[in-house]
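Novice: Compute the structure for the input listed below.
(chains A and B)
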There are 2 protein chains.
Amino acid sequence: MRTVWWSKGRVKLIDQTKLPFKTEILEFRDYRKLARAIKGMRLRGAPAIGVATALGIALGINYSKASSYEKLSQELDRIIKTFQRTRPTAVNLFWACRRMREKFQENKDRSLKEIKRILIQEAKRIVQEDIDCCRRIGKYGASLIKKGSSILTHCNAGALATAGYGTALGVIKRAHEEGKRVKVFVDETRPRLQGARLTTWELKKAKIPFTLITDNMAGYFMKKKKVDLVIVGADRIARNGDVANKIGTYSLAVLAKEHKVPFYVACPTSTIDLRLSSGNRIPIEERDIREVTHIGNRPLVPKGTKIANPAFDVTPNKLVKAIITEKRIARRPYRQSLKKLFI
Amino acid sequence: MRTVWWSKGRVKLIDQTKLPFKTEILEFRDYRKLARAIKGMRLRGAPAIGVATALGIALGINYSKASSYEKLSQELDRIIKTFQRTRPTAVNLFWACRRMREKFQENKDRSLKEIKRILIQEAKRIVQEDIDCCRRIGKYGASLIKKGSSILTHCNAGALATAGYGTALGVIKRAHEEGKRVKVFVDETRPRLQGARLTTWELKKAKIPFTLITDNMAGYFMKKKKVDLVIVGADRIARNGDVANKIGTYSLAVLAKEHKVPFYVACPTSTIDLRLSSGNRIPIEERDIREVTHIGNRPLVPKGTKIANPAFDVTPNKLVKAIITEKRIARRPYRQSLKKLFI
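Specialist: Numbers count the residues shown, from 1 in each chain, chains lettered A, B, ... in the order given. Presented below is the predicted three-dimensional model:
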């Protein structure tokens, strides 16, 4: 299963707002429209946003009419700015921009045609690397999971949140492939219901047994000792191991602590932002209140109701038992272990 | 504002499934239909269920064709059984049945016509007592609330959950009436959205400022020190102070503990079940999975998705700072303080 990919001069992606009822493929030739699709969450999940941004930069450069390296470089700035305005919390987006810019600069002595080809190649490489990362995360993570475990996950950190396979769901899939007979509690994940719509869809495809619950049931099942571990993805991790992830993750981490349930985070190292000293500095996106007030076109509350809609929260490092990356499993103290991942 | 009342040989109630968009009054002459309306949650909230049951028993007896006290007594058994099958967790229902049965037995020497009149009177008295209870709960509870407090509440423990005024919302309303300038965070309360639909509706009417949030945002706002206290209602409280209330209450109580935010419960003493030694013995209603899979007629997930839907959870006494009743504020150890309420 692929989430976002390059195909014959186009970027294609599965429209996740249509899942699970329709599998619709969107096709982009204009990078601005792709950026709008990211903002509108047709594709979401920090690693997937990173990958889509790399592909989008390649797309924008490929169709640029710029006639010199300088002009193409200005075009690149515009393209990057467009993507950076889409989703402020997912750091993989900024990582992808940096990496594409470096590749652009490394090749400044080549012809424009060659630069375009190289950037497309680089974006495709990022797609493949992301899938490989997920596979390795899955392998490391599965080593932490005992046979017969019942695993709770929040939001969607699956194939749909990456170029393929998934981070937290990658770990669960790998454990399943190893015959560990895991079962999953899926938080529905209000307001956008990524758990109910996307994670259930992926688990069904993978034939992994699961039970869908509303977010406020997690404590109930932990108290009944029905949850052996929690595993989630991440949108950004600060140098000290504080984890920004989908709203509700922090509450789960507190509940996990209360019930002595291990709480794991799975993500590629591109999600780790060593420039930020702590989670307090991670920008938290406030999204349209319509996500809370409506399901589809159906209003749940009258117009004018005051709403808060932070899309993410920050889980302090002390609540995180381990961070599972493609390089290795990092443990406390994270200030050291995360830094070492980049050496 | 009235939630459920007696009017000219009928029981009337506001159809809460239609709120906040329509205020529709339902009218019942047949007690069986009223019981079905309770099961279908056209009216909900433990005290309101108790009051509606008392009115429903009066209704059933009033229209009974029984020709002797013995036959009317058998009819009473049937009526009571019908109501007891509606909502197993709300103990006020069983309390109302006991009280109506006692009144029935006390008057066994009177004519059937007189008994019918007396039961209607008793049910009306229960309506009025419930409203008075709420007013007293409000007064006691408001004494715990400092000026300018930000209060988080879950589900709806308002006028709509009682005969009028409310328990947890009664406390908030009273604090507001005393000029304490409180503001409220309202959990939307999945799956049935009683917070989003009912609590916001009541707070708007009362002109109390509020912000609606999804259930999984509560931890986020507590961590940001935006919540000064939590106050909720209850569906049943065991002898030791364990509190059954709407699913998600337990998670809130754990979050409150983590953030040193006081967690209060407000309810009439009819919610306290001294016969149960602990919360483990409170029956937890599992409701139709359609509540989770659909919003109105709109499906959120494909058919066949495995769902759990416990309607309540149990918060252990150690997480409850105080239980506010119409008699006084009970504090730990609850085994003593709750017992004393009935002396």
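
Novice: for whichever helix in chain A runs longest, packing partners?
Specialist: Looking across chain A with DSSP state H, the single longest helix is helix A:112-142. Helix A:112-142 sits against strand A:4-7, helix A:46-62, helix A:69-84, helix A:91-106, helix A:168-177, strand A:263-266, strand A:322-324, with contacts defined as 3 or more C-beta pairs under 8 Å, 6 or more residues apart in numbering or on different chains; DSSP states H and E. Quick note: C-beta positions are derived from backbone N, CA and C, even for glycine.

Novice: and among these, the most buried is which?
Specialist: Greatest average neighbour count among those goes to helix A:46-62 (a mean of 29), per mean count of other C-beta atoms under 10 Å in any protein chain shown.

Novice: tell me the average confidence for that helix?
Specialist: For helix A:46-62, mean pLDDT rounds to 98.

Novice: and that helix, what other elements does it pack with?
Specialist: Helix A:46-62 sits against strand A:4-7, strand A:10-14, helix A:31-39, helix A:69-84, helix A:91-106, helix A:112-142, with contacts defined as 3+ C-beta pairs under 8 Å, 6+ apart.

Novice: Skipping its backbone neighbours, what lies nearest A:Leu319 in space?
Specialist: Excluding its sequence neighbours, the residue lying closest to A:Leu319 (C-beta to C-beta, 6 or more residues apart in numbering or on different chains) is A:Ala253, at 4.0 Å.

Novice: what's around that neighbour, how many residues?
Specialist: By the criterion of other C-beta atoms under 10 Å in any protein chain shown, A:Ala253 has 28 neighbours.

Novice: who touches it in this structure?
Specialist: Each residue near A:Ala253 by C-beta atoms under 8 Å, 6 or more residues apart in numbering or on different chains is listed here: A:Val230, A:Phe263, A:Thr315, A:Leu319, A:Val320.

Novice: now, which of these lie within strands?
Specialist: Of the contacts of A:Ala253, the ones assigned to strands by DSSP state E are A:Val230, A:Phe263, A:Thr315.

Novice: The first one: neighbouring residues, count only.
Specialist: Close neighbours of A:Val230, defined as other C-beta under 10 Å, add up to 26.

Novice: still on that earlier bit, so how far is the helix or strand just after the longest helix of chain A from its chain's centroid?
Specialist: Sequence-wise, the next helix or strand downstream of helix A:112-142 (DSSP states H and E) is strand A:150-153. Mean-position distance between strand A:150-153 and its chain equals 18 Å (C-alpha atoms, centre = their mean, to the nearest Å).

Novice: Show me what strand A:150-153 is packed against.
Specialist: Short answer (3+ C-beta pairs under 8 Å, 6+ apart): strand A:150-153 packs on helix A:168-177, strand A:183-187, helix A:218-223, strand A:229-232.

Novice: one more time with 6 Å, if that's ok
Specialist: The contact analysis (3 or more C-beta pairs under 6 Å, 6 or more residues apart in numbering or on different chains; DSSP states H and E) places strand A:150-153 against strand A:183-187, strand A:229-232.

Novice: Tell me the residues of the stretch 201-343 of chain A that contact chain B?
Specialist: Residues of the stretch 201-343 of chain A lying close to chain B (C-beta under 6 Å from any C-beta of the partner chain) are A:211-217, A:219-220, A:247-248, A:250-251, A:254-255, A:258, A:295, A:298, A:300-302, A:305-308, A:310, A:313.

Novice: For A:Leu55, list the residues it contacts.
Specialist: Counting by C-beta atoms under 6 Å, 6 or more residues apart in numbering or on different chains, A:Leu55 touches A:Trp6, A:Val11, A:Ala123.

Novice: Pick the one among those closest to chain B.
Specialist: Nearest to chain B among the contacts of A:Leu55 is A:Val11, at 27.9 Å by C-beta to the nearest C-beta.

Novice: Can you report how many residues lie near the residue nearest to A:Arg135 when sequence neighbours are not counted?
Specialist: Nearest residue to A:Arg135, sequence neighbours excluded (C-beta to C-beta, 6+ apart): A:Tyr165, at 6.0 Å. Using other C-beta under 10 Å, A:Tyr165 has 24 other residues around it.

Novice: The closest residue to A:Asn92 other than its chain neighbours and chain B, how far apart?
Specialist: Nearest residue to A:Asn92, sequence neighbours excluded (C-beta to C-beta, 6+ apart): A:Gly50, at 2.9 Å. Counting by C-beta to the nearest C-beta, to the nearest Å, the gap from A:Gly50 to chain B is 24 Å.

Novice: I'd say A:Gly50 and A:Arg98 touch.
Specialist: No - contact criterion C-beta atoms under 6 Å: A:Gly50 and A:Arg98 do not qualify, at 10.5 Å.

Novice: Who are the contact partners of A:Pro209?
Specialist: Contacts of A:Pro209 by C-beta under 6 Å, 6+ apart are A:Lys183.

Novice: Per-residue pLDDT of it, please?
Specialist: pLDDT, A:Pro209: 98.

Novice: now do the one 4 residues further on
Specialist: As predicted, A:Ile213 sits at a pLDDT of 98.

Novice: burial count for the closest residue to it other than its chain neighbours?
Specialist: With sequence-adjacent residues excluded and distances taken as C-beta to C-beta, 6+ apart, A:Ile213 is closest to B:Ala308, at 5.2 Å. Per other C-beta under 10 Å, the neighbour tally for B:Ala308 reads 17.

Novice: close enough to count as contact, B:Ala308 and A:Thr211?
Specialist: Yes - in terms of C-beta under 6 Å, B:Ala308 counts as a neighbour of A:Thr211; the distance is 5.2 Å.

Novice: Other residues contacting stretch A:126-140?
Specialist: Outside stretch A:126-140, the residues touching it (C-beta under 6 Å, 6+ apart) are A:47, A:51, A:54, A:162-167, A:170-171, A:174, A:266, A:268, A:324, A:326, A:329.

Novice: Keeping just the C-alphas, turn it into CSV.
Specialist: Extracted in CSV, the C-alpha atoms of stretch A:126-140 (Å, rounded to 0.1, in the frame of the first residue of the first chain):
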residue,chain,number,x,y,z
ILE,A,126,12.9,10.1,0.3
VAL,A,127,9.8,8.1,-0.4
GLN,A,128,11.7,4.8,-0.4
GLU,A,129,13.8,5.7,2.6
ASP,A,130,10.6,6.5,4.6
ILE,A,131,9.2,3.0,3.8
ASP,A,132,12.6,1.4,4.8
CYS,A,133,12.6,3.5,8.0
CYS,A,134,9.2,2.2,8.9
ARG,A,135,10.2,-1.4,8.3
ARG,A,136,13.2,-1.0,10.6
ILE,A,137,11.1,0.8,13.3
GLY,A,138,8.7,-2.1,13.0
LYS,A,139,11.5,-4.6,13.6
TYR,A,140,12.9,-2.8,16.6
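
Novice: Check the model's average confidence along that stretch for me.
Specialist: pLDDT averaged over stretch A:126-140 gives 98.

Novice: and if you look at stretch A:276-289?
Specialist: Mean predicted lDDT for stretch A:276-289 stands at 96.

Novice: same question, stretch A:77-88
Specialist: For stretch A:77-88, the mean per-residue pLDDT is 97.

Novice: who's in contact with it?
Specialist: The contact list for stretch A:77-88 (C-beta under 6 Å, 6+ apart) reads A:Tyr31, A:Ala35, A:Ile38, A:Lys39, A:Ile49, A:Thr53, A:Gly56, A:Ile57, A:Gly60, A:Cys97, A:Pro283, A:Glu285.

Novice: Would you check which pair of those lies furthest apart?
Specialist: A:Gly60 and A:Pro283 (24.0 Å; C-beta to C-beta).

Novice: Read off the pLDDT value for A:Asn297.
Specialist: At A:Asn297, the pLDDT recorded in the model is 87.

Novice: Helices of the stretch 151-300 of chain A, residue ranges please.
Specialist: Along the stretch 151-300 of chain A, counting by DSSP state H, counting those that start in this stretch, helices occupy A:168-177, A:194, A:200-205, A:218-223, A:249-258, A:290-293.

Novice: Is chain B within reach of the second one?
Specialist: Just to be clear, that refers to helix A:194. No - using C-beta under 6 Å from any C-beta, helix A:194 stays clear of chain B, with a minimum separation of 11.5 Å.
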